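Peer 1: below is the structure, and that's it, no one-letter string:
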């Protein structure tokens, strides 16, 4: 499985959205600037996330994007599937007539998929945000 730029940037952007939203809508421009990602590219990413219901949006000067749920309920696999589609290592073929191909699929490709899916379906946005926050302790300033 290879995660494209869309998937990688999408995960970065949705974590940024989660970290920087205090219940308010966050503009794509602000995410683009913080993450050094083109606003036009983020529009494509967030369009896909909105279509699958992961984020919701409001247009206008006070508009932007907001998670459509709790970070503890949104899994990395949900985000990646919304952006990448099928995440299988090898595209499924309906009728595998070759015995060797069936053997390889069952004993290799399917097992790799199981492991990858197990990981991405068991890590939530909340997990990633918690790890992110642990790494930012030295950047907190108190007045």
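Peer 2: Thanks, I have it. Predicted, not measured: the structure shown is a model, and the values here were computed from it.

Peer 1: helices along the chain, start to end?
Peer 2: For the chain, the helices defined by DSSP state H occupy 5-20, 28-35, 39-51, 76-84, 99-104, 110-122, 125-135.

Peer 1: ok, now which ones touch residue 17?
Peer 2: For residue 17, the contact set (CB atoms under 8 Å, 6 or more residues apart in numbering) comprises 26, 31, 55, 65-67. In this view, the C-beta of every residue, glycine as well, is placed from N, C-alpha and C.

Peer 1: thinking again about what came up before, would you list the helices of the chain in TSV and tack on mean pLDDT?
Peer 2: As requested, the helices of the chain are exported to TSV (pLDDT from 0 to 100):
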stretch	mean pLDDT
helix 5-20	95
helix 28-35	95
helix 39-51	95
helix 76-84	96
helix 99-104	90
helix 110-122	95
helix 125-135	90
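
Peer 1: distance to residue 90 added to those helices, as TSV?
Peer 2: Converted to TSV, these look like this (distance: least, CB to CB, whole Å):
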stretch	distance to residue 90
helix 5-20	18
helix 28-35	32
helix 39-51	23
helix 76-84	15
helix 99-104	9
helix 110-122	8
helix 125-135	27
